[in-house]
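**Q** need a structure here:
(chains A and B)
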Amino acid sequence: MSRRLSVPRILWAGLASAALLLSGCAPAAAPSQPAPSAPAPTAAPAPTAAPAAPAPTAAPVVRPTATPQPTATATPVGSRVKKGGILLEALWAAPGDLDLLAATSMISLAPLALTYDGLVKEDPLKAGVIAPDLAEKWDVSGDGTKITFALRKGVTFHNGQPFTSSDAKYSVERWMKDSDQLAPTLGEVIKSVETPDANTLVLNLKFQYPDLFRSLILDWASIVPKGQPKGRDLKEVVGTGAFKFKSFESGVAYQVVKNDKYHNKDLPHLDGVTVYFLPDRNTGLAAFRAGRIDITAPVYFTVPQFKVVDSQMKGQATAYLYPNSFWWNIYLPMNKKPWTDIRVRRAVFMAIDRKQAMATVDQGLGSVDGVMPPNLGGYTSDELKKVPGWRDPKSQDIDEAKKLLAEAGFPSGFKTDIFYRTGGDYLNMATFVRDQLTKIGITATLTTRDGAAFYDYVYARSYDIHAHRHPFAPASPDTILAQYYRTGGERNFADVADSKLDALINKQMGILDPTERKKVVHQAEQYLYDNAEASIISWGAYSQGWQKWVRDFVPGQTIYDNLRLEAVWLDK
Amino acid sequence: MTRYVVSRLFSAGLSLIGVSIIIFVLMQILPGDVARTILIGTSGEGSATPERVAALRHELGLDQPVHIQYLSWLVGLFRLDVGRSLTTGFPVFQEIQNRLPLTLELSILTVIFGTLLSIPMGVASAIRQNTWIDHLMRIISVAGIAMPIFWTGTLIVLVLAVGFHWLPPLGYVPPWRDPWANFQQLIWPALALGYYHTAVVARMTRSQMLEVLRQDYVRTAWAKGLRERVVISRHALRNALLPVVTLISIQFSFSVGGTVIMETLFFLPGIGKALVDAINFKDFPMVQTIIVLFAALVLIINLLTDLAYGALDPRITFK
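**A** Numbers count the residues shown, from 1 in each chain, chains lettered A, B, ... in the order given. Down below sits the predicted model:
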């Protein structure tokens, strides 16, 4: 039996109401301009603030020019800037605590640096130029081992406490002891810190150090109030910077607002900055395309995302590449067989086709520089062509690598394992290295670990080969030589322990003359190649994006510079 | 009935302690050191000297014996203070308090949205069996089951961002602060989650309705000359709903899990996202507390579902 049934009206009503629910929240139409949530600027446009005039720099900073970049120009003096507005920034994770001086990574640096000043800074409108900050001027002694800073008077912290030389001393001593990036160098270089009076700070160095000011402009070298709690005990961010701490909600956002008592009366232009923690970078890109994000932190965009912004948002946004901002390495633990044999290490390094690595894994956005990029005194590309592993045609490297393996007792190669971190493009590089090694008969399997487990394996050296990339800062030879290749270096993942190399590394640290220093850096670099201790594969470029209405943002020399955004304004 | 509820709650308490022990053991077995991960950072920029790792482990209380760590967490649970998240440094209960309303709202919205669509779809499909309405509803529901939630969610984000150059405001605004902003933020993930929910429940409703419509008592109702609306909604639908209610309760529990994906895709700071982050960092106080909370939610939903049977079917009694 069948009976024709009609659909009761109540059921149709249910369907209709659900449909109505959906239609009611659809965007009415594609807006011609994205609708940001930041309030529109209300204040009348004011004349451009003239940032403090840069003083003569003790150590000029060289700007890398390897990769063509979109130009980021500052507003000409005399033109007008718009005051007000909240800048919305995207970062991929939240800091674990509020202690900038103990910060180890960008996730802490990008939000926390907004609230601080340093002794000196990178000019926010002229990348690579050192400018005064809380130190108005400074004097370097004839032998370069005593630097006297005249500190700015009348500056107060956000809690009203006056800034004095004792705060600066406390901060410097913390940099020397607690800072992940600064302690290895400043802790080694600075002998003592003196405060002859409330407005003078003296740094006595053990030896003249050419990269001292390069280190001091990093946002890690921020000034905090004396006695400020450390680590997780720090509950309130108090600096002297252009912005004051407003709120921090883990997993959501970090907010700062304008410091009305900032020592540069013309800055900042913005009413505040909100840093959103957007771990899913595709969501971040979507928010950027929809205009919900004004600027990303450096490192935020991946290579494919950079290409999307660069190609599909032309005229709407800028996608910027930081040249040589990370490097791919292949670490072979040198005290573990078969890597104890220099011939086997050399064979592996020679087998890698670096041009191909850059072209495939980094999709052409990088360089095939050696251990030291040319701007840091390393070999130029012409000089590198003579170094085994970089030679053309590649076949001669492969033939020689096979011979070396045969001499080492592995005429048919051997089996090994390549360890890599889960996620990102690490798999791509691990796969690439595996394929390269097959050319000389080495058969590798791939092993991966995720999250917390990954670092356990790395620090226990529980791998045969470790393919990894590391961000790079500051722009100093020490960052590479002292941290990655000196005995006991914090990032010496291949366990290089070579007294001759250590001597060269230590020697270059004390040479002020750039030409003389370059010679020693060259010697160290050549030594690394000769002894098959260089782990470099290729260099890559992290990227950052900002909308066309973000003005007077000039990318710093490295990803860790110029994060304070005090000169930025919104042209909306 | 009171005795039944009390005994169910007692057994639920035991289940929760069992769940917490299992999770704790699993977290201990997992390789990885949260202190080292915090120091190095998610991008691997930092370094972790043994001294710094040891100092942080001490600060986080990770150098205490394992059973002490568990017991202090359990005692803290009864005192509603399980300490701070190892990774964010915020009190765990504060984190949950901030995030739970969003996840619950999203889950409830998903179930409301899905139920509002699925039951009419299922009924319409059944009473118009083998007509174009039935075919259309079946295509919609099969597509809903076939499309993964993350794919539907990604598609919505892409269409909004690329097609309309629009996305909801970032973050989460509670409904009592700005209902319209809240609605804009949650409706899209609820739509993506709710579509799957709709598909599953609509299919179940259809099959149940087809079965019930062939029962003798429905035939009798037609023979008595009752109006169609009465036969369908009072006699057929009410009896067909019993397994559907069970399915809806299961789907609710499922949607709590599904929010993890939606929270990530739509940048919603809910509890699901916090759980994933905590697992990645081996943040055991956070993981354990959230899992116990999820387990408690599932147990409560199951209890409510069982109680709902009594309301729907007078033959069911609780002893």
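
**Q** switch to C-alpha atoms for all contacts and neighbour counts from now on
**A** Fine.

**Q** so what's the gap between stretch B:304-319 and the chain middle?
**A** 23 Å (CA atoms, centre = their mean, to the nearest Å).

**Q** could you dump stretch A:484-493 to PDB, C-alpha only?
**A** Provided in PDB are the C-alpha atoms of stretch A:484-493 (Å, rounded to 0.1, in the frame of the first residue of the first chain):
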ATOM      1  CA  TYR A 484      77.600  26.500  15.200                       C
ATOM      2  CA  TYR A 485      81.300  25.500  14.800                       C
ATOM      3  CA  ARG A 486      83.200  26.500  18.000                       C
ATOM      4  CA  THR A 487      83.700  23.700  20.500                       C
ATOM      5  CA  GLY A 488      80.800  23.700  22.900                       C
ATOM      6  CA  GLY A 489      78.800  26.200  20.800                       C
ATOM      7  CA  GLU A 490      75.100  26.400  21.700                       C
ATOM      8  CA  ARG A 491      74.100  25.300  18.200                       C
ATOM      9  CA  ASN A 492      77.000  23.000  17.500                       C
ATOM     10  CA  PHE A 493      74.700  20.200  16.400                       C
END
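
**Q** shaky segments in chain A?
**A** Counting by pLDDT under 70, the ranges of chain A that qualify are A:1-79, A:451-452, A:473-474.

**Q** have a look at it and report its longest strand.
**A** In chain A, taking DSSP state E as the definition, the longest strand is strand A:317-331.

**Q** tally of neighbours for whichever residue of the stretch 201-350 of chain A sits closest to chain B?
**A** Nearest residue of the stretch 201-350 of chain A to chain B, counting by CA to the nearest CA: A:Ala290, 4.4 Å away. Using other CA atoms under 10 Å in any protein chain shown, A:Ala290 has 24 other residues around it.

**Q** isn't it up against B:Pro169?
**A** No: look at A:Ala290 against B:Pro169 with CA atoms under 8 Å: they stay out of range, at 10.2 Å.

**Q** contacting residues for the closest residue to A:Asp143 other than its chain neighbours?
**A** In space, and not counting its chain neighbours, A:Asp143 is closest to A:Gln208: 7.1 Å by CA to CA, 6 or more residues apart in numbering or on different chains. Residues in contact with A:Gln208 (CA atoms under 8 Å, 6 or more residues apart in numbering or on different chains) are A:143-145, A:510-512.

**Q** can you do 6 Å?
**A** Residues in contact with A:Gln208 (CA atoms under 6 Å, 6 or more residues apart in numbering or on different chains) are A:144-145, A:510.

**Q** wait, B:Gly114 sits on B:His197?
**A** Yes: B:Gly114 sits in contact with B:His197 when judged by CA atoms under 6 Å, with a separation of 5.4 Å.

**Q** what does the stretch 151-300 of chain B have sitting close to chain A?
**A** Where the stretch 151-300 of chain B comes near chain A, counting by CA under 6 Å from any CA of the partner chain, the residues are B:161, B:164-167, B:229, B:265, B:280-281.

**Q** among those residues, which ones are buried?
**A** Listed as buried from those are B:161, B:164-167, B:265, B:280-281; burial here means 16 or more other CA atoms under 10 Å in any protein chain shown.

**Q** of the contacts of A:Gln208, which belong to helices?
**A** Assignment to helices by DSSP state H places none of these there.

**Q** give me the residue from chain A nearest chain B.
**A** Taking CA to the nearest CA, chain B has its nearest neighbour within chain A at A:Ala453, 3.6 Å off.

**Q** got the contact list for A:Asp139?
**A** A:Asp139 makes contacts with A:147-148, as judged by CA under 6 Å, 6+ apart.

**Q** quick one: distance of the strand or helix carrying it to the chain centre.
**A** Using DSSP states H and E, A:Asp139 sits within strand A:135-140. Distance, stretch centre to chain centre, for strand A:135-140: 27 Å (CA atoms, centre = their mean).

**Q** and for stretch B:181-197?
**A** With CA atoms, centre = their mean, you get 13 Å for stretch B:181-197.

**Q** same check, this time on stretch A:321-331
**A** Its chain's average C-alpha position is 10 Å from that of stretch A:321-331, according to CA atoms, centre = their mean.

**Q** what's that stretch in contact with?
**A** A:67, A:465-472, A:494, A:535-543.

**Q** I'd assumed B:Pro31 was in contact with the residue of chain A closest to chain B.
**A** Yes: contact status for A:Ala453 versus B:Pro31: in contact at 4.9 Å, counting by CA under 6 Å.

**Q** have a look at the two and say which one is more surrounded.
**A** Taking other CA under 10 Å, A:Ala453 and B:Pro31 do not tie; A:Ala453 has more neighbours (21 against 18).
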